[in-house]
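>>> Here is a sequence with its predicted model. Questions after.
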Amino acid sequence: TLDSCAGSACTHTPVTCDANAQCGATSGCVCNPGFYGTGDVCSCGGTVSSISTAAGSESVCAYDWPVWGNRSISPSSYADNGDGTVSDWQTRLMWQQTVVAPSSTWTDAETYCDGLTLAGHDDWRLPTVAEAESLIDYAKPQTPLISTIFAAQGIALGNLWASVADVDTSGGQKYWMTGYGTASVPGSTAYQARCVRSMASLPAPTTRFTAGGGGSGTVTDNATGLIWQQTVAATTFIWDAGSAAGSAQAYCAALSAGNYASGWRLPNERELLSLVDRTAHSPAINAAVFPSTPVGFFWSSTVANYLTGQAFSDYTTNGGGWTNPISASFSVRCVHD
């Protein structure tokens, strides 16, 4: 129960705040970063974790799925704050602009971000996979695949640690990273840390997926607004930008499912990754919503511009995403806007 704000001139009517809220600067209670609600009740559709702050510690809510919607790289969504940080107004995340720490293990990277004070903020942390992946600019013709607003990063590969551990520990504990793609690697690997902080609360949908939302045989993702083919074809397809007969593109273009007799397409890599459930394995997807999903590679429509004859694909065993030769034959799950 709070009746005043420490360190400010405001005085509030006594109110009971949620454990994951703070006294607001002018009135009432404000949910901690990432949480959403009125302040008396704060909810998190992602993962609650504790970070170090000047006050001791603070709980934050981070999402490993795109609660910010169907993300597309837009230079206009980035803002150089002129203080070593970049704000992304689409994801409502603030990023460390220049990576200054040397390549380090996952544990050292997490410790570094947890102890970082930058631009007057001390609530920095390692990003989730979805947050880190949101920075990838798949259209770039050269590496690193990241906006030039982060150009002064001093790294060649652009591989960055994420905060999420791989649930498959059969070969030892691994952690996720992003860069050229998305993969899990041993925590002893040397990668960079680009720290992030939440600028605002992000309201998550009460129900992530609605089976039959676009008619029978479809699934609506209430976070991104996309409509997905629920059960995939038993056959596999080659990748062909020209939509040649027998290709993944041709299959989706000819698909009629649910309420849509046309308009289906091959999803891009970011859209395909949005379906990954990193709490699941073999397949790394919500199997109750997407039954009979085969374990193996799925094509995306995203070509690797920095490579010849390769496109991005996702591996449903663990949810990794990287490039493969377009001559390969993979599974397909079509999407509709």
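That came through, no problem.
>>> what about stretch 70-82, average pLDDT?
The average of the pLDDT scores along stretch 70-82 is 80.
>>> Thr220 sits in which helix or strand?
strand 218-221 (DSSP states H and E).
>>> could I get that strand in CSV with only the CA atoms?
The C-alpha coordinates for strand 218-221 follow below in CSV (Å, rounded to 0.1, in the frame of the first residue of the first chain):
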residue,chain,number,x,y,z
THR,A,218,-6.8,-22.8,-40.0
VAL,A,219,-5.2,-21.2,-36.9
THR,A,220,-5.3,-17.5,-36.1
ASP,A,221,-2.3,-16.1,-34.2
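>>> Would you tell me what the next helix or strand after that strand is?
Past strand 218-221, the next helix or strand by DSSP H and E is strand 227-229.
>>> now what about the helix or strand hosting Ser49, what contacts it?
Using DSSP H and E, Ser49 sits in strand 47-53. The contact list for strand 47-53 (Cβ atoms under 8 Å, 6 or more residues apart in numbering) reads 20, 57-64, 114-115, 122-125, 128, 163. In this view, the C-beta of every residue, glycine as well, is placed from N, C-alpha and C.
>>> Which PyMOL command selects the buried ones in these?
Command for PyMOL that selects the buried part of the contacts of strand 47-53, burial taken from 16 or more other Cβ atoms under 10 Å:
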select buried, resi 20+58+59+60+61+62+63+64+114+122+123+124+125+128+163
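>>> for the strand holding Thr220, packing partners?
If you count contacts as 3 or more Cβ pairs under 8 Å, 6 or more residues apart in numbering; DSSP states H and E, strand 218-221 packs onto strand 209-211, strand 227-229.
>>> Next, the buried residues of the strand holding Ser49.
Quick answer for strand 47-53 (16+ other Cβ under 10 Å): 47, 49, 51-52.
>>> Among the contacts of strand 47-53, which lie within helices?
Asp114 (DSSP state H).
>>> Now, the contacts of strand 47-53 that are in strands?
57-62, 163 (DSSP state E).
>>> Let me know the closest of those residues to Thr38.
Cys61 (15.0 Å; Cβ to Cβ).
>>> How about the contacts made by Ser243?
Contacts of Ser243 by Cβ under 8 Å, 6+ apart are 249-250, 253.
>>> For PyMOL, write the select line for the buried members of those residues.
In PyMOL, this line selects whichever of the contacts of Ser243 come out buried by 16+ other Cβ under 10 Å:
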select buried, resi 249+250
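>>> which stretches of the stretch 51-200 of the chain form helices?
Per DSSP state H, counting those that start in this stretch, the stretch 51-200 of the chain carries helices over the ranges 106-114, 129-133.
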